[in-house]
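> All I have is the shape, not the residue letters:
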């Protein structure tokens, strides 16, 4: 779904159209789940976050016309995920740039290698790689979503890809 179509669906949702909500869910649920999962590393928590995100979206769709609705929605997922992490670890210093990563899933060896490689990245690097490769955002959009300067986003992405390449090619284990 293009940004224009998504914007139209959000307007329809604002007017109570349940079909528009279903279309939005079908279009962005996988991307939203991936963003939450890459930050938390926890499948069940990511599912809770996804549910919370869609409940909030359904009850309070964006009031104004958005220039980039997908970026807005992924920012919403990001913020909800960070809030969940802060609630999970009370009295700790989890900041917007940190995440708790745990658990392995039953995946093929290749997917497990990639998952292991992604766990070696710091929280910001993992967010940037996920938003760019899984969600398809441009670096300028990512900069706005995670509130980080564009130059820093580009630098962290290049560094993260280098780390992934090194690990997957048999470098440091």
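Cool, the structure landed. Everything numeric here is computed off the predicted structure, so don't read it as measured data.

> Mind pulling up the pLDDT for residue 148?
pLDDT for residue 148: 90.

> Use 16 as the first number from now on
Okay, using 16 as the starting number, the last item reads as residue 163.

> In this structure it contacts residue 139, no?
Yes. Using C-beta atoms under 8 Å, residue 163 is in contact with residue 139, at 7.1 Å. The C-beta positions use only the backbone N, C-alpha and C, and glycine is treated the same way.

> Overlap of the contact sets of those two?
Common neighbours of residue 163 and residue 139, counting by C-beta atoms under 8 Å, 6 or more residues apart in numbering, are residue 171.

> quick one: which of the two has more around it?
Applying other C-beta atoms under 10 Å to residue 163 and residue 139 shows that residue 139 carries more neighbours, namely 20 against 17.

> what's the domain layout of the protein?
16-111, 119-188 (automatic domain parsing).

> What helix or strand is residue 69 located in?
Assigned by DSSP states H and E, residue 69 belongs to helix 58-74.

> I'd like the distance from that helix to the chain centre, please.
Relative to the centre of its chain, helix 58-74 is centred 12 Å away, using C-alpha atoms, centre = their mean, to the nearest Å.

> what comes into contact with it?
Helix 58-74 is contacted from outside by 28, 36, 39-40, 44, 47-48, 51-52, 55, 88, 91-92, 95-96, 99, 103, 118, 120, using C-beta under 8 Å, 6+ apart.
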